[in-house]
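Visitor: Next comes the sequence, and after it the predicted model I'd like to discuss.
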Amino acid sequence: MREDVNIILNEREARKAQLAEELVRKLQAQSITASRLPPTENLAAIVLERKPRIIVTDYLLENFGTGLDLLDELQKSDPTPPRFIFLTDEPSLSAAVEAMRIGADDYLEIDSSNVSERLIKQIKNIIPRTRQQPRPTVDQIAPTKANLVWVAPKSRSLIESLPVLATKSCPCLILFGPEGCGKRTMARLIAHGGEKVHAVAEYDLRLDSRPLTEILQGAEIPDAPDSCTILTHAEEEAAELARIFTYPDQAIRIPRHTIFCTHDEEALRILKAIPQGEVLRIPSLSERRQDIPALSQHALARAATLLTKRVPALDSDSLAWLMQKTFPGEIRELNEVVTNSALRAALSGLELQSCLSEVAAQWELEWQSQWLPTALSQSITPLSASYALQRSNHDTRIAALRLGVTAADLQRLLQRASCCGLK
């Protein structure tokens, strides 16, 4: 029989072992099945086998990672992962925001008042919902015109052009626009919106290391004759894609309908050579600023869904700040900044506007760091990298930001430091 609750606390600490024992006893007294699961190796595999409805987890799981790592791994491995509640003495606001952002139901501090009663009440509220259909994530929901924002003239023009594209039934469609402007969302709308489309396959060519021919004729591409395949980040593979689609090989199965997404001008020029290809330009956020209020409200609604409780409303000062701000990361940045700020404000009691400016500054610092040339790291010594890591409390991401390099470059520098005997 599927257990209701697994409690995973760092039981090396006596008070947490006692708390776990007390929670099991109180839950069982209310006819809720529960057991303790101390942190161990292969914890995710054990949870996958047990399949509890709810996991109550600590933030730090001894030497076996964090509760965030466990939540992330289970969400990737299990189509219906258990619900998560954090119960910890880690008073980190950033950890709480990240936990809620990736799907936790709550983040409770062990030392807060009546924590056991609040936790049990939360569990009793969640259990009935776990016996229903799981909540779909944002990525699992096919977008429709009704849940997109198209107030600005350029957005409206784009949406109004879709019926024409559907009528023409283009075999190849190229979506072009800046990174983060919503190309993938538009591709999903087009792919799922056509009356003839029965199945959709999606591949990120930046992450998929297989040869293009293998991707295109792989077993996972739907066999439906009118299926649609979405290929995102088509920049580096543009020439090969153009060759395959322009001079088809009978040995390679080419989808009947393909949508390419790219932000690169050169890739666009190459892909435009494909016969019967159409180009759809996606406007940048700076070209559709009238959409910012509605987009921000969507992000607030997402935060409220993640938190399962009310989040601060978008006041006039916060909206004015958003309207005058530039967003180098486009809609992706706006969504993440507003969502994370709302979570932070709800969890900390801070004003939404102060959270917006702080979260935006951190987002853009990280965004800029990923575009820095890796050659920068060549001027940084292994000793400097090791020292920066110590100053950052061994947080690799923060140390990388201090040095102005990517996290991957910092890892390579630290490996060199280890080889040199530096710690």
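Guide: Cool, the structure landed.
Visitor: Where do the strands of the stretch 151-300 of the chain begin and end?
Guide: Residue ranges of the strands in the stretch 151-300 of the chain, as given by DSSP state E, counting those that start in this stretch, are 172-176, 200-204, 228-232, 257-262, 277-281.
Visitor: Tell me which of the ones you listed sits nearest to R289.
Guide: When those are ranked by proximity to R289, the top entry is strand 277-281, at 17.2 Å, counting by CB to CB. Glycine gets a C-beta too; all of them are placed from N, C-alpha and C.
Visitor: tell me which element V47 is part of?
Guide: For V47, the host element (DSSP states H and E) is helix 43-50.
Visitor: returning to what we had before: in JSON lines, list the strands of the stretch 151-300 of the chain along with mean pLDDT.
Guide: Formatted as JSON lines, the entries for those read as follows, by pLDDT from 0 to 100:
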{"stretch": "strand 172-176", "mean pLDDT": "92"}
{"stretch": "strand 200-204", "mean pLDDT": "80"}
{"stretch": "strand 228-232", "mean pLDDT": "82"}
{"stretch": "strand 257-262", "mean pLDDT": "89"}
{"stretch": "strand 277-281", "mean pLDDT": "91"}
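Visitor: Please work out which of these is packed deepest.
Guide: When you average the neighbours per residue for each of the strands of the stretch 151-300 of the chain (mean count of other CB atoms under 10 Å), strand 257-262 leads with a mean of 25.
Visitor: Which neighbouring elements make contact with that one?
Guide: strand 172-176, helix 183-193, strand 228-232, helix 238-246, helix 265-271 (3 or more CB pairs under 8 Å, 6 or more residues apart in numbering; DSSP states H and E).
Visitor: what angle separates the longest one from strand 257-262?
Guide: Here helix 183-193 runs at an angle of 170 degrees relative to strand 257-262 (axes from the mean of the first three to the mean of the last three CA atoms, to 10 degrees).
Visitor: which residues sit against helix 183-193?
Guide: With CB atoms under 8 Å, 6 or more residues apart in numbering as the test, helix 183-193 has contacts from 142-145, 148, 158, 162, 165-166, 173, 175-177, 197, 200, 202, 228, 230, 232, 257, 259, 261-263, 280, 282.
Visitor: rerun at 6 Å
Guide: By CB atoms under 6 Å, 6 or more residues apart in numbering, the residues outside helix 183-193 that reach it are A142, P143, L175, G177, V197, V200, C228, I230, T232, I259, C261, I282.
Visitor: For that helix, list every residue counted as buried.
Guide: Applying a neighbour-count criterion of 16 or more other CB atoms under 10 Å, one finds K183, R184, T185, M186, A187, R188, L189, I190, A191, G193 buried in helix 183-193.
Visitor: my read: A360 touches V338, true?
Guide: No - with contacts defined as CB atoms under 6 Å, A360 does not count as touching V338, sitting 9.3 Å away.
Visitor: okay, these two: which has more neighbours?
Guide: More neighbours surround V338 than the other of A360 and V338, with 28 against 22 (other CB atoms under 10 Å).
Visitor: and the gap between the more buried one and F327?
Guide: V338 sits at a distance of 11 Å from F327 (criterion: CB to CB, to the nearest Å).
Visitor: Which neighbouring elements make contact with the helix holding V47?
Guide: Packing contacts for helix 43-50, counted by 3 or more CB pairs under 6 Å, 6 or more residues apart in numbering; DSSP states H and E, involve helix 67-77.
Visitor: 8 Å instead?
Guide: Packing contacts for helix 43-50, counted by 3+ CB pairs under 8 Å, 6+ apart, involve strand 5-8, helix 67-77.
Visitor: Which helix or strand lies directly C-terminal to the last one?
Guide: Scanning the chain past helix 67-77 towards its C-terminal end, the next helix or strand to appear is strand 83-88 (assignment: DSSP H and E).
Visitor: What angle do helix 67-77 and that next one make with each other?
Guide: 170 degrees.
Visitor: Give me the contact list for strand 83-88.
Guide: Outside strand 83-88, the residues that touch it by CB under 8 Å, 6+ apart are 9, 19, 53-60, 67, 71, 96, 99, 103-110, 115, 119, 122-123, 126, 129-130.
Visitor: Recalculate using a threshold of 6 Å.
Guide: Contacts to strand 83-88, defined as CB under 6 Å, 6+ apart, come from residues 54-59, 67, 71, 99, 104-108, 126.
Visitor: deepest of the helices and strands packed on helix 43-50, which one?
Guide: Across the helices and strands packed on helix 43-50, the average number of neighbours (mean count of other CB under 10 Å) peaks for strand 5-8, which reaches a mean of 25.
Visitor: how far is the helix or strand following that one from where the chain is centred?
Guide: Heading C-terminal from strand 5-8, the first helix or strand you meet, by DSSP H and E, is helix 14-29. The chain centroid and the centroid of helix 14-29 are separated by 33 Å under CA atoms, centre = their mean, to the nearest Å.
Visitor: and helix 14-29, C-alpha only, in PDB?
Guide: Written as PDB, here are the backbone C-alpha positions of helix 14-29 (Å, rounded to 0.1, in the frame of the first residue of the first chain):
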ATOM      1  CA  ALA A  14      19.300  14.600  18.200                       C
ATOM      2  CA  ARG A  15      16.500  17.100  18.200                       C
ATOM      3  CA  LYS A  16      15.700  16.300  14.600                       C
ATOM      4  CA  ALA A  17      15.600  12.600  15.200                       C
ATOM      5  CA  GLN A  18      13.300  13.300  18.100                       C
ATOM      6  CA  LEU A  19      11.100  15.600  16.000                       C
ATOM      7  CA  ALA A  20      10.900  13.000  13.200                       C
ATOM      8  CA  GLU A  21       9.800  10.300  15.800                       C
ATOM      9  CA  GLU A  22       7.200  12.700  17.200                       C
ATOM     10  CA  LEU A  23       5.800  13.600  13.800                       C
ATOM     11  CA  VAL A  24       5.400   9.900  12.800                       C
ATOM     12  CA  ARG A  25       3.500   9.300  16.100                       C
ATOM     13  CA  LYS A  26       1.200  12.300  15.700                       C
ATOM     14  CA  LEU A  27       0.400  11.500  12.000                       C
ATOM     15  CA  GLN A  28      -0.300   7.800  12.700                       C
ATOM     16  CA  ALA A  29      -2.700   8.900  15.500                       C
END
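Visitor: Could you list every helix and strand in contact with that helix?
Guide: Contact analysis of helix 14-29 by 3+ CB pairs under 6 Å, 6+ apart lists strand 5-8, strand 34-36 as its packing neighbours.
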